[in-house]
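Enquirer: My questions concern the predicted model and sequence given below.
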Amino acid sequence: MNTHPTPVLISRYATGDDGVDDATIWAIEAHLESCAACRNTLTETVDPAARQLLDRVAAGIAAGIAAGPEPARRRRLRRTGATAQILPWLATAVALILAAVSFESTFRSMPSLVLLVAPMAPLLPVAAVWSRHTDPAWELVSTMPRTRLALLLRRTLAVLTAVVPMLAAAGGLTGHSPVLWLLPCLAFTAGALALGGLVGVDRAALGLSATWSVGVIAPSLVGQRLPVILEAGSWPGWAAATAGLVVVVLLRATHYGRRGIGRN
């Protein structure tokens, strides 16, 4: 937001007007961080009685802190929260990749299971990092419009950072070109995020996993033939799909708001 929001818009933001969309809320919050004048305007829009109550609460908290004991010495924190919740799903993805390598090494006449599972390998962890059932800070995150897409992308990148090296090792052991497992992996991840603005990221990821398993993996194993979309000449299509889906995710940033986020 290059210009100052109007006092009317700040007042509507302060009162939680439903007519103010998420993109506008995002812009106002970003502007308020660096504009003292608009923060003063925001303060003036708050009811005087509410301001007095907040001042009393702040004074009471400050007095309690000053009169309280010294802060406890810093201790090493236990691994809790979203990090601990995602570990079982990452372990599942790693186990899936290891099983694919073992299967391919044992049954060399069968189509490559490494290439078949690569697109869906990151989907379960991605579903877990953006689900109300596995994120203990879900309620806090869902009320902060500015953090939604950025936090989702950071968590997805963390998942890919853990899964892609395993896929690289699997691809190296089985002798497959990196583009044949990396591009489908990225395309399906971007697809889960793109659909997530409509149905929720966890539902999108699980739906894509089920569709790929039933529509591609099972027929390939039964027919003992790798599908055309995973053969050497398919990588330009995967690259185009990945780029297109990333653009869709960025263009639909505001859909990771009250409607999209509430479906997770």
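Expert: On my side now, so go ahead.
Enquirer: Show me how the record splits the chain into domains.
Expert: Each domain of the chain is listed here as a residue range: 7-67, 81-261, per automatic domain parsing.
Enquirer: Output the ones you listed in a markdown table; the columns should cover mean pLDDT and mean neighbour count.
Expert: Glycine gets a C-beta too; all of them are placed from N, C-alpha and C. What follows is the domains of the chain, written out as a markdown table (pLDDT from 0 to 100; neighbours: other C-beta atoms under 10 Å):
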| stretch | mean pLDDT | mean neighbour count |
| --- | --- | --- |
| domain 7-67 | 84 | 13 |
| domain 81-261 | 84 | 18 |
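Enquirer: Name all residues that make contact with the most centrally placed residue in the chain.
Expert: Taking C-alpha atoms, centre = their mean, the centroid of the chain lies closest to residue 152, which sits 2.7 Å from it. Shown in contact with residue 152 (C-beta atoms under 8 Å, 6 or more residues apart in numbering): 130, 193, 196, 201, 256.
Enquirer: Check the gap between the closest residue in space to the fourth one that isn't next to it in sequence and residue 248 for me.
Expert: Meaning residue 201. Nearest-residue entry for residue 201: residue 130, 4.2 Å, with adjacent residues in sequence omitted and distances by C-beta to C-beta, 6 or more residues apart in numbering. Taking C-beta to C-beta, to the nearest Å as the measure, residue 130 and residue 248 are separated by 17 Å.
Enquirer: Which residue ranges of this structure form strands?
Expert: For the chain, none of the segments meets the definition of strands by DSSP state E.
Enquirer: Which parts of it are helices?
Expert: Taking DSSP state H as the test, the helices found in the chain are 7-14, 22-32, 36-45, 48-67, 81-106, 113-117, 123-129, 138-142, 148-174, 178-199, 201-212, 218-223, 235-251, 258-261.
Enquirer: related to what we said a few turns ago, state the distance from the residue nearest to the centre of the chain to residue 193.
Expert: 7 Å.
Enquirer: what residues do these two have in common as contacts?
Expert: residue 201.
Enquirer: so who does the closest residue to residue 111 other than its chain neighbours touch?
Expert: The shortest distance from residue 111 to any non-neighbouring residue, by C-beta to C-beta, 6+ apart, is to residue 226 (4.1 Å). Applying C-beta under 8 Å, 6+ apart, we find residue 226 in contact with 111, 112, 115, 116, 220.
Enquirer: how much space between the residue sitting furthest away from the middle of the chain and residue 127?
Expert: No residue in the chain sits farther from the centre than residue 67, which is 41.9 Å out by C-alpha atoms, centre = their mean. Distance, residue 67 to residue 127, using C-beta to C-beta: 47 Å.
Enquirer: same deal with residue 38?
Expert: Distance from residue 38 to residue 127, by C-beta to C-beta: 39 Å.
Enquirer: can you check residue 208 too?
Expert: With the distance defined as C-beta to C-beta, residue 208 ends up 10 Å from residue 127.
Enquirer: Same question for residue 193.
Expert: Distance from residue 193 to residue 127, by C-beta to C-beta: 11 Å.
Enquirer: any shared contact partners between those two?
Expert: 201, 204.
Enquirer: Would you mind listing the outside residues contacting stretch 52-68?
Expert: For stretch 52-68, contacts defined as C-beta under 8 Å, 6+ apart pick out residue 46.
Enquirer: Make residue 1 into 882 and carry on from there
Expert: Sure, I'll start counting at 882 from here, so that last one is stretch 933-949.
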